[in-house]
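Asks: what follows is a predicted protein model with its sequence.
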Amino acid sequence: GSRQPPDGFVKRKEEADMLFTPEHDEMRRTIRKFVETEINPFVDEWEEAGIFPAHQLFRKLGDLGLLGLNKPVEYGGQGLDYSWALAMAEELGATHCGGVPMAIGVQTDMATPALARFGSDEMKREFLAPSITGDYVACIGVSEPGAGSDVASIKTTARSDGDDYVINGGKMWITNSTQADWVCLLANTGDGPAHRNKSLICVPMNAKGVERGKRIDKIGMRCSDTAPIHFTDVRVPKRNRIGEEGMGFTYQMIQFQEERLWGAAASLKAMEYIIDETIAYTRQRKAFGKSILDNQVVHFRLAELQTEIEALRALVYQAGEGLVAGRDVTKLASMAKLKAGRLQRLVGDGCMQYWGGMGYTNETPVTRFYRDGRLTSIAGGADEVMLSILCKMMGTLPGSKA
């Protein structure tokens, strides 16, 4: 899969280490075709229903080997590096809504990375393998009514009782929750310091005492089912714990790197699609004797926004290369997540303006993007949390050193 430089160019030594290969391009084509045939034709129907058939769609993705690209081969994964997951996230951005890609991302890059990396063989066979085939739908249980971005403040407990944990508490804003077969749950398993008293636990959603709440009516991501989960004396064996007891906060912070990068990558083609749709609409929409697109303020602004997207893509790829190389990419992933959230707001708001009154109806793609894209600045760590992480790493927070 090495590239051949054009005649007259000296092949750079590092070129062989660049992120993507012709094999990645093949996979991108597969995903593009899947989005065009298996997702986009049904998006309007799913948005109207407020849910999409996750098991049905995930099994199709599983059959193509797309739910375990960077997961171990012994559990049905492809055993590839993170660059493949990043390429998949980018291609899923061509979906004509945000809800379905987000749900897929929860399955591949939010609920399963810690299990794949730190889980026991038994847990990986029980929960990871069927999540890779698409037979199981997964969700991630971190946020609570009083603890979203402030992960250390979660209140859900998993009390030790012999060989079991007994879980009590509740989780909020849980994507895939009404259809999920299991939840990767972050709970307090001890009374020690907030960053060292938590564990990640695989909890079957059909366990006694697990109750799914009512689906939340959201302004965007409407086809993604989001609901609270309540736990009342839920008993699970301690063997369901991922890795060491008390390491859950650390595992979740590692898991966040992939989640945040995934979100940034998935935003790229979504934004480009909206710009393309805006160009097409403003070219045919007339005002004051000429098309809206003929106004310099419009076509200059769209060029600016496209440039910003390309800059974000370079940042995402750089972070991806670092992750593949085994480096800590917390700084770059946080920057990419921050930039992706803010840029989606700029693109959504800016493009909607050029659609005029039609942009304020639910009939146009720009409206859906405007609503869906807003979540990126809130979920998976709000903008303010990304800024705090960056300030801490820069040494600009009170009491911090770079």
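Replies: Alright, I've got the coordinates. Numbering: from 1, shown residues only.

Asks: C-alpha only now, for contacts and for neighbours.
Replies: Will do.

Asks: can you map out the strands along the stretch 201-350 of the chain?
Replies: Using DSSP state E, counting those that start in this stretch, the strands of the stretch 201-350 of the chain run over residues 210-212, 226-237, 241-242, 286-287, 290-291.

Asks: out of those strands, deepest packed?
Replies: strand 241-242 (a mean of 24; mean count of other C-alpha atoms under 10 Å).

Asks: still on that earlier bit, of all the strands of the stretch 201-350 of the chain, which lies closest to Glu36?
Replies: Nearest to Glu36, of all those, is strand 226-237, at 24.7 Å by C-alpha to C-alpha.

Asks: export the closest one to PDB, keeping only CA atoms.
Replies: Extracted C-alpha coordinates of strand 226-237, given in PDB (Å, rounded to 0.1, in the frame of the first residue of the first chain):
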ATOM      1  CA  THR A 226     -31.500   8.500  24.300                       C
ATOM      2  CA  ALA A 227     -33.000   7.700  27.700                       C
ATOM      3  CA  PRO A 228     -32.000   7.500  31.400                       C
ATOM      4  CA  ILE A 229     -31.200   4.100  33.000                       C
ATOM      5  CA  HIS A 230     -32.100   3.400  36.600                       C
ATOM      6  CA  PHE A 231     -30.300   0.700  38.700                       C
ATOM      7  CA  THR A 232     -32.000  -0.700  41.900                       C
ATOM      8  CA  ASP A 233     -30.000  -3.400  43.700                       C
ATOM      9  CA  VAL A 234     -28.700  -4.800  40.400                       C
ATOM     10  CA  ARG A 235     -26.500  -7.700  41.200                       C
ATOM     11  CA  VAL A 236     -23.600  -8.600  38.800                       C
ATOM     12  CA  PRO A 237     -20.600 -10.800  39.300                       C
END
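
Asks: in the helix or strand encompassing Glu48, what counts as buried?
Replies: According to DSSP states H and E, Glu48 maps onto helix 43-49. Of all the residues in helix 43-49, those buried under the rule 16 or more other C-alpha atoms under 10 Å are Val43, Trp46, Glu47.

Asks: okay, these in a markdown table with distance to Glu244 and pLDDT next?
Replies: Listed next are the buried residues of helix 43-49 as a markdown table, based on distance: C-alpha to C-alpha, whole Å; pLDDT from 0 to 100:
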| residue | distance to Glu244 | pLDDT |
| --- | --- | --- |
| Val43 | 41 | 98 |
| Trp46 | 40 | 98 |
| Glu47 | 40 | 97 |
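
Asks: still on that earlier bit, what residues sit buried inside whatever helix or strand comes next after the helix holding Glu48?
Replies: Under the assignment DSSP H and E, the closest C-terminal helix or strand after helix 43-49 is helix 54-63. By 16+ other C-alpha under 10 Å, the buried positions in helix 54-63 come out as Ala54, His55, Phe58, Arg59, Lys60, Leu61, Gly62.

Asks: for Ser177, see how far away the first one is.
Replies: Just to be clear, that refers to Ala54. 11 Å (C-alpha to C-alpha, to the nearest Å).

Asks: and the third one, by the same measure?
Replies: Taking C-alpha to C-alpha as the criterion, Phe58 is separated from Ser177 by 15 Å.

Asks: next, format the buried residues of helix 43-49 as TSV and append distance to Ile201.
Replies: Converted to TSV, the buried residues of helix 43-49 look like this (distance: C-alpha to C-alpha, whole Å):
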residue	distance to Ile201
Val43	33
Trp46	31
Glu47	32
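
Asks: ok, so of those residues, who is nearest Pro237?
Replies: Checking the buried residues of helix 43-49 against Pro237 with C-alpha to C-alpha, the nearest one is Trp46 at 36.8 Å.

Asks: quick check, that closest one in contact with Phe52.
Replies: Yes - contact criterion C-alpha atoms under 8 Å: Trp46 and Phe52 qualify, at 5.1 Å.

Asks: can you pull the residues that touch both of these two?
Replies: When contacts are counted by C-alpha atoms under 8 Å, 6 or more residues apart in numbering, Trp46 and Phe52 have Cys223 as shared neighbours.

Asks: how are the helices of the chain distributed by residue range?
Replies: 22-34, 43-49, 54-63, 82-92, 99-105, 113-118, 121-123, 129-133, 248-284, 296-324, 330-354, 365-373, 383-394 (DSSP state H).

Asks: number of residues surrounding the nearest residue to Ile31 once chain neighbours are set aside?
Replies: Nearest residue to Ile31, sequence neighbours excluded (C-alpha to C-alpha, 6 or more residues apart in numbering): Glu91, at 6.5 Å. Glu91: 25 surrounding residues under other C-alpha atoms under 10 Å.

Asks: residues contacting Glu91?
Replies: Arg28, Ile31, Arg32, Ala266, Lys269.

Asks: in TSV: the residues you listed, plus distance to Ala340.
Replies: Below are those laid out as TSV (distance: C-alpha to C-alpha, whole Å):
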residue	distance to Ala340
Arg28	21
Ile31	22
Arg32	21
Ala266	9
Lys269	12
